[in-house]
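K.L.:
how does the following fold in three dimensions:
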Amino acid sequence: MHELSLCLSLMQQVETIAAEQNAARVIRITLSIGPLSGVEPDLLQHAYPLATAGTVAEDAELIIETADVVVRCSQCGSETSAAPNKLLCGSCGDFRTRVVSGDELTLMRLELD
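P.N.:
Next up is the predicted model:
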């Protein structure tokens, strides 16, 4: 299960931050997941309790926000939103685009106690 290994890696990062801040526990974790990241939010949510067991984040709430897909057009230079299955420039309609965001899994916020 790919999402379990992601959660375990996330917990290492969270525990490091919590230790640096002398936090006794983590109250809330907010992630941003892009539709092109290859991560299934539902599977990540199911793996989360297994990964947090026995950690400072054991009772922490997991909030998952969805990131938009944004592309930059190599023809007109515009940055526009795009559908995950149709990475066309929203300004000129060209197909020669580069993904700027929407392919990431980002730890956005930690609420510590």
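
K.L.:
you'd agree Val14 is up against Ala57?
P.N.:
Yes - at 5.3 Å, Val14 and Ala57 qualify as touching, with contact defined as Cβ atoms under 8 Å. For the C-beta atoms, the positions are set from N, CA and C on the backbone; glycine is no exception.

K.L.:
how is Ile63 assigned, secondary-structure-wise?
P.N.:
Reducing the assignment to helix, strand or coil with DSSP: H, G, I helix; E, B strand; the rest coil, the entry for Ile63 is strand.

K.L.:
compute the number of surrounding residues for it.
P.N.:
When counting by other Cβ atoms under 10 Å, one arrives at 13 neighbours for Ile63.

K.L.:
show me what contacts it?
P.N.:
Under the criterion of Cβ atoms under 8 Å, 6 or more residues apart in numbering, the contact list for Ile63 reads 28-31.

K.L.:
residues in a beta bridge with it, which ones?
P.N.:
Counting by DSSP bridges, Ile63 is bridged to Thr30.

K.L.:
next: Thr97.
P.N.:
On the basis of DSSP bridges, Thr97 is bridged to Cys73.

K.L.:
overlap in contacts of Val14 and Ala57?
P.N.:
Listed as contacting both Val14 and Ala57 by Cβ under 8 Å, 6+ apart are 26, 29.
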